[in-house]
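Undergrad: using only what follows, build the 3D model:
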Amino acid sequence: MKTPDTLPTPPASDLVTSMEEPCSIAAAVSIVGEKWTLLVLREAFSGVTRFDEFLRRTGCSSAILSSRLKALVAYGILRRVPYQEPGDRVRDAYRLTRAGVDLLPAIVALMQWGDRYLTPDGEGPMLLRDRESGTPIHVALVNALGEPVAPKNSMREPNPRYGRGQNPPPAGADTPSISG
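TA: Numbers count the residues shown, from 1 in each chain. Model (predicted):
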């Protein structure tokens with residue numbers, strides 16, 4: 001069993017290509033698919049940047065938090081920004097990178113699912129709204145034209161551009177749809 005301070009951090013660009021069966025979902029989950037990591041990201045999206053505040057708001061141990069922050073920095077999801085309060089030593093704040101910001105739809109999708117299926121009335125404790133219009137925000141599947149797509153109408157197929165110069169995707173990888 002790995003201890004909190006030994007979370008491996010291979011280069012993110014190697015995660016998918018190093019898999020026996022390349023899968024971007026499995027690679028992403030290996031980085032962010034753990035409870036404390038998701039809670040750190042939740043707080044980062046809420047504007048938290050400092051270690052002590054992450055610690056207070058997530059409720060995890062200092063060792064686990066330190067490990068998760070190091071991994072998120074190593075994978076380019078957070079970046080360290082030094083700051084110093086008058087009379088104190090220099091410390092690091094943690095800010096989302098572009099890669100981190102791009103995780104927001106996944107975090108919101110988890111929130112929507114939790115609101116719908118894990119609360120007694122189907123409504124969660126927090127609302128997400130557009131700052132300008134005040135209208136509710138939700139995550140949805142849309143095609144390249146911005147039109148909604150029902151999950152049953154989605155399908156996956158091998159990407160012909162994936163891994164140029166590498167082995168082609170395994171035979172049978174053209175599963176008809178994500179929803180089965």
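Undergrad: only C-alpha atoms for contact and neighbour calcs from this point on.
TA: Fine.
Undergrad: quickly list the domain ranges of the protein.
TA: The chain breaks down by automatic domain parsing into domains covering 1-100, 103-153.
Undergrad: next, the distance between the ends of the shortest one.
TA: Right, domain 103-153. With C-alpha to C-alpha, to the nearest Å as the measure, domain 103-153 spans 24 Å from end to end.
Undergrad: what average pLDDT does it get?
TA: The pLDDT scores in domain 103-153 average 94.
Undergrad: do the first one as well
TA: When pLDDT is averaged over domain 1-100, the result is 88.
Undergrad: run the chain-centre distance for that domain.
TA: 10 Å (C-alpha atoms, centre = their mean, to the nearest Å).
Undergrad: again, but for the shortest one
TA: Mean C-alpha position of domain 103-153 versus that of the full chain (C-alpha atoms, centre = their mean) differs by 15 Å.
Undergrad: one step back: deepest-packed of the domains of the chain, please.
TA: Highest mean neighbour count of the domains of the chain: domain 1-100, a mean of 15 (counted as mean count of other C-alpha atoms under 10 Å).
Undergrad: relative to residue 42, how far out is the residue most central in space within the chain?
TA: Nearest to the mean C-alpha position of the chain, by C-alpha atoms, centre = their mean, lies residue 103 at 4.4 Å. Distance of residue 103 to residue 42, computed by C-alpha to C-alpha: 10 Å.
Undergrad: which stretches in this structure count as helices?
TA: 12-15, 24-32, 35-45, 51-58, 62-74, 98-101, 104-117 (DSSP state H).
Undergrad: okay, the ones you listed in JSON lines with distance to residue 147 next?
TA: Shown next, in JSON lines, are the helices of the chain (distance: least, C-alpha to C-alpha, whole Å):
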{"stretch": "helix 12-15", "distance to residue 147": "31"}
{"stretch": "helix 24-32", "distance to residue 147": "23"}
{"stretch": "helix 35-45", "distance to residue 147": "27"}
{"stretch": "helix 51-58", "distance to residue 147": "37"}
{"stretch": "helix 62-74", "distance to residue 147": "33"}
{"stretch": "helix 98-101", "distance to residue 147": "23"}
{"stretch": "helix 104-117", "distance to residue 147": "17"}
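Undergrad: show me the one of these that comes nearest residue 89.
TA: Closest to residue 89 of the helices of the chain is helix 51-58 (C-alpha to C-alpha; 14.0 Å).
Undergrad: using PDB, write out every CA atom in the closest one.
TA: The C-alpha coordinates for helix 51-58 follow below in PDB (Å, rounded to 0.1, in the frame of the first residue of the first chain):
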ATOM      1  CA  PHE A  51      -2.600  25.200   2.300                       C
ATOM      2  CA  ASP A  52      -4.200  25.900   5.700                       C
ATOM      3  CA  GLU A  53      -7.500  26.800   4.000                       C
ATOM      4  CA  PHE A  54      -7.500  23.600   1.900                       C
ATOM      5  CA  LEU A  55      -6.700  21.700   5.100                       C
ATOM      6  CA  ARG A  56      -9.600  23.300   7.000                       C
ATOM      7  CA  ARG A  57     -12.200  23.000   4.200                       C
ATOM      8  CA  THR A  58     -11.400  19.500   3.000                       C
END
